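Student: Provide a 3D model corresponding to the input given below.
(one chain, ligands or ions: 1)
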Amino acid sequence: MEQVQDVGCVFCEIVADRVAVSVVFQDTLTMVFVDLRQFHPGHTLVIPRRHLRDVRELNDSTGAALMATISRVTRAVGAAFPNEGLSLWHSFGNTSNRTTFPCDDGLDTR
Ligand SMILES: [Zn+2]
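Tutor: Take a look at the predicted model:
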């Protein structure tokens with residue numbers, strides 16, 4: 001069963017507009033914002049608005065919306081920032097020492 005929000009999840013706080021971020025794009029199912037760490041110029045995070053732990057919990061409509069948003073934002077980042085390529089990654093489980101494990105896809109230039 002999908003969770004709408006997860007206590008302590010910063011992405012849920014962002015979706016609820018309780019944490020300020022620079023929003024790049026949003027629709028009814030997805031949201032894209034600038035990652036403040038900016039490992040490389042154009043580093044953005046794409047998330048579903050509903051709290052999911054990872055891609056295994058996606059339903060068909062959210063999965064389709066997430067992929068459409070990733071495609072749209074990838075074209076924009078690729079056009080806006082000098083690069084020799086782009087990287088898109090999706091982490092599963094506790095790979096970043098976070099206390100919650102929200103679903104997100106990171107987009108970065110190389
Ligand atoms: Zn969340």
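Student: now the helix ranked longest in the chain: how far from the chain's centre is it?
Tutor: Ranked by residue count under DSSP state H, the longest helix found in the chain is helix 60-80. Offset of helix 60-80 from its chain centre (CA atoms, centre = their mean, to the nearest Å): 10 Å.
Student: Give the buried residues for that helix.
Tutor: 62, 65-66, 69-70, 72-74, 76-77 (16 or more other CB atoms under 10 Å). Placement of C-beta: from N, CA and C, glycine included.
Student: can you check stretch 46-64 too?
Tutor: In stretch 46-64, counting by 16+ other CB under 10 Å, buried: 46-53, 57-58, 62.
Student: and these near the ion, which?
Tutor: Restricting the buried residues of stretch 46-64 to those near the ion by CB under 5 Å from the ion leaves His51.
Student: And the strands in this protein?
Tutor: According to DSSP state E, the chain carries its strands in the segments 23-26, 30-34, 44-48, 86-90, 105-109.
Student: packing partners for the shortest one?
Tutor: The reference is to strand 23-26. strand 30-34, helix 60-80 (3 or more CB pairs under 8 Å, 6 or more residues apart in numbering; DSSP states H and E).
Student: could I get the ones you listed as TSV with mean pLDDT?
Tutor: Compiled in TSV, those are given as follows (pLDDT from 0 to 100):
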stretch	mean pLDDT
strand 30-34	94
helix 60-80	94
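Student: Which among the ones you listed is found nearest to Cys9?
Tutor: With CB to CB as the measure, strand 30-34 is the member of these nearest Cys9 (13.1 Å).
Student: The closest one pairs with which strands, and in what direction?
Tutor: Looking at strand 30-34 with DSSP bridges, its partner strands are strand 23-26 (antiparallel), strand 44-48 (antiparallel).
Student: which one of the buried residues of stretch 46-64 is nearest Asp104?
Tutor: Scanning those for proximity to Asp104, where the rule is CB to CB, the winner is Ile47, at 4.8 Å.
Student: Find me the pLDDT at that closest one, would you?
Tutor: Predicted confidence (pLDDT) at Ile47: the value is 92.
Student: low-scoring pLDDT stretches of this protein, where are they?
Tutor: 1-7, 92-102 (pLDDT under 70).
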